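Asker: sequence plus predicted model, see below.
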Amino acid sequence: MPEPERPQAYDPLQPGDGEAIAPTGQGGPMDLAIEEAESLEKPLPGQPAGPGERARSLWSDAWHQLRRNPVFVLSALLILFLVLISLWPQLIASGDPLQCDLSKSQAGSEPGHPFGYDTQGCDVYTRTVHGARASITVGICATLGAALLGSLLGGLAGFFGGWGDATLSRAADIFFGIPVVLGGLVFLSVVTSTTVWPVVGFIVLLGWPQVARIARGSVITAKQNDYVQAARALGAGHARTLLRHVAPNAVAPVIVVATIALGTYIALEATLSFLGVGLRPPTVSWGIDISNAAPQIRNAPHMLLWPAGALSVTVLAFIMLGDAVRDALDPKLR
């Protein structure tokens, strides 16, 4: 006769049909195993919760981080306000910045003129608001010019290498050796134009090597990735490989450097205007107003306080924006 089956010993870690592992509440190995299993089932922060959720790309993930960064939100709102008043200063200042009254020279604040008057009797508030246009224009145009020129030259040099890469590196070293302020004094002292374009051209001339060096290193790193090698193996040409596979993955460091440099270029324009070789009257600029107010800082400090404060806040806003963008685009800093 067949022997009857012996009942198997109950093992709590090996549940049968219809049974589930439940914690014992005793803090033993079984409870630890259950907690580890539950933690492995939970998705990590920033990762898809299941197969139906799509993983975010670099740019969408960066935007997700930026929207939750109070530094980015504050700096972006401030920059948006500065851009608006640079385009339409009449929104908050209806007066004429070139209309002056010598009888009110260095007078203090009064109703309708909260910042007082300068040496020529011009309204400091109106000139401070209208001065944003020149500074923002120089900063944005110089940044775009330096970023485009530097990205083009640095990207081509890093992608193709050879004698072009060596020539670009030596040319960048030459421009890095030119003192910025001294170069501005020499270059802009022979220019008689009162527009912003000579200043923009000078900043682009000395600003592109920094962007070119960043773009070159980023392209060299990106072109060594497996997907670029696979594209080349499938017969993709240089133009397609560079534009479709290398450039989109190498542009993030350039954007970060350009955003931070924008604030630096605005400060550089104000410095050159303060020295008398940047923007010139009748152009309204914070640097010109600071230069005119410096000799009267003891008698009328309000003439220096407001344009210098507006310049400092603007530069700080762009630097804060650049830092926030850098933190969002660089996973190593999270």
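Answerer: Arrived safely.
Asker: show me what the strand or helix carrying residue 206 is packed against.
Answerer: Following DSSP states H and E, one finds residue 206 within helix 197-222. Helix 197-222 is packed against helix 124-160, helix 162-176, helix 180-188, helix 247-250, helix 252-274, with contacts defined by 3 or more Cβ pairs under 8 Å, 6 or more residues apart in numbering; DSSP states H and E. The way it works is simple: take the backbone N, C-alpha and C, and place the C-beta from them, glycine included.
Asker: run through the protein and note the low-pLDDT ranges.
Answerer: 1-58, 331-334 (pLDDT under 70).
Asker: give me the distance between the nearest residue to residue 217 once chain neighbours are set aside and residue 254.
Answerer: Leaving aside its chain neighbours, residue 217 sits nearest to residue 158 (6.9 Å; criterion: Cβ to Cβ, 6 or more residues apart in numbering). As judged by Cβ to Cβ, to the nearest Å, residue 158 and residue 254 stand 12 Å apart.
Asker: quick one, the helix or strand harbouring residue 83 and helix 124-160 angle?
Answerer: According to DSSP H and E, residue 83 maps onto helix 70-87. What separates the directions of helix 70-87 and helix 124-160 is an angle of 120 degrees, with axes from the mean of the first three to the mean of the last three Cα atoms, to 10 degrees.
Asker: one step back: could I get the helices and strands packed on helix 197-222 as CSV with distance to residue 238 and mean neighbour count?
Answerer: Shown next, in CSV, are those (distance: least, Cβ to Cβ, whole Å; neighbours: other Cβ atoms under 10 Å):
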stretch, distance to residue 238, mean neighbour count
helix 124-160, 7, 22
helix 162-176, 13, 13
helix 180-188, 35, 15
helix 247-250, 12, 18
helix 252-274, 20, 22
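Asker: let's see the helix or strand harbouring residue 60 as PDB, backbone CA atoms only.
Answerer: According to DSSP H and E, residue 60 maps onto helix 58-67. What follows is helix 58-67, C-alpha atoms only, in PDB (Å, rounded to 0.1, in the frame of the first residue of the first chain):
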ATOM      1  CA  LEU A  58      17.200  66.000 -20.000                       C
ATOM      2  CA  TRP A  59      15.300  69.200 -21.000                       C
ATOM      3  CA  SER A  60      12.000  68.200 -19.500                       C
ATOM      4  CA  ASP A  61      13.700  67.000 -16.300                       C
ATOM      5  CA  ALA A  62      15.600  70.300 -16.100                       C
ATOM      6  CA  TRP A  63      12.400  72.300 -16.500                       C
ATOM      7  CA  HIS A  64      10.800  70.100 -13.900                       C
ATOM      8  CA  GLN A  65      13.600  71.100 -11.500                       C
ATOM      9  CA  LEU A  66      13.500  74.800 -12.400                       C
ATOM     10  CA  ARG A  67       9.800  75.200 -11.800                       C
END
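Asker: and it, what does it pack against?
Answerer: With 3+ Cβ pairs under 8 Å, 6+ apart as the test, helix 58-67 has helix 302-329 packed against it.
Asker: what comes up buried for the helix it packs on?
Answerer: The neighbour-count check on helix 302-329 (16 or more other Cβ atoms under 10 Å) flags 302-308, 310-311, 314-315, 317-329 as buried.
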